[in-house]
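Visitor: no sequence on this one, just coordinates:
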Ligand SMILES: C[S@@+](CC[C@H](N)C(=O)[O-])C[C@H]1O[C@@H](n2cnc3c(N)ncnc32)[C@H](O)[C@@H]1O
């Protein structure tokens, strides 16, 4: 059995007590984004189970190299920062257990860049899980908010998110991208899932074998079905008022999209 940190046994007990409704995929399910809800977005989910899910998600992020596309994008975005010693302000939307921002902080230390990071997540359990997993000395704080209603109290340089975009409907995502354009002085980056049948079936087969909990076993394949094909990005970006000229959409390993927007030279960043 793979070493799944903290609470694999807990997960087994929970998964035996509740059924696991994973939709059976047919070929048409990959032709458009699914609207099947994820269990972790259900506000009535047990807090203990959600904590365990966020820990298992962090484990999956670490073993799948999920941070790399964001760190590569930050390296590029950081070249556009102002001269001077003001910290680079970075907001992570849908920050979950906060592992991406902890990794960003390590990256920034390695690059000798001062940062101030804010994780925003709709779910209050995420903010408390993230805060308890993060050193109090790190320049990272977590707030509970729906990003579409959130107004940062200071100007933000860069907005990032990972495995957040697929949680939103197309209409919500276009609003979120417009929000990111409005609030990022330098630019933003989305790291999210490729709606790919190989990825779907790998997750459906491997996650139960590796004894991930009920939420991960359900939500990971559903997330792939809620994910994106290359053709989805054009209309989504257009809906957000973003010119494809200013965006770079790339496939990254494993079965991900990296979408990077850099504010065009001369465009106003006044807010
Ligand atoms: C799959 S988790 C990803 C967490 C983390 N980024 C990671 O990679 O492990 C998606 C997160 O987005 C959050 N979320 C969903 N809709 C949101 C919204 N409108 N505003 C802020 N957070 C949201 C959820 O609560 C959840 O914690």
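Guide: Arrived safely. These numbers come from a predicted model, not from an experiment. Residues are numbered from 1 along each chain as shown.
Visitor: Against which helices or strands is the helix ranked longest in the chain packed?
Guide: Ranked by residue count under DSSP state H, the longest helix found in the chain is helix 47-63. Identification of packing neighbours for helix 47-63 by 3 or more Cβ pairs under 8 Å, 6 or more residues apart in numbering; DSSP states H and E yields helix 8-17, helix 99-110, helix 124-133, helix 214-226. Using the backbone N, CA and C atoms, a C-beta is placed for each residue, glycine as well.
Visitor: Out of those helices, which is closest to the ligand?
Guide: Nearest to the ligand among the helices and strands packed on helix 47-63 is helix 124-133 (4.4 Å), distances taken as Cβ to the nearest ligand atom.
Visitor: So what touches that closest one?
Guide: The set of residues external to helix 124-133 that reach it, using Cβ atoms under 8 Å, 6 or more residues apart in numbering, is 47, 50-51, 54-55, 58, 95-99, 101-102, 119, 121, 141-144.
Visitor: again, 6 Å this time
Guide: Contacts of helix 124-133 with the rest of the structure, by Cβ atoms under 6 Å, 6 or more residues apart in numbering, involve 47, 50-51, 54, 95-98, 119, 121, 142, 144.
Visitor: same thing with stretch 176-187?
Guide: Contacts made with stretch 176-187 from outside it, assessed by Cβ under 6 Å, 6+ apart, are listed as 77, 80, 155-159, 168, 188, 240, 261-263, 269.
Visitor: Can you give the distance from it to the centre of its chain?
Guide: Here the centre of stretch 176-187 is set off from its chain's centre by 16 Å, with Cα atoms, centre = their mean, to the nearest Å.
Visitor: Next, the contact list for residue 115, please.
Guide: 87-88, 90, 108, 139.
Visitor: Kind regards, and thank you for your time.
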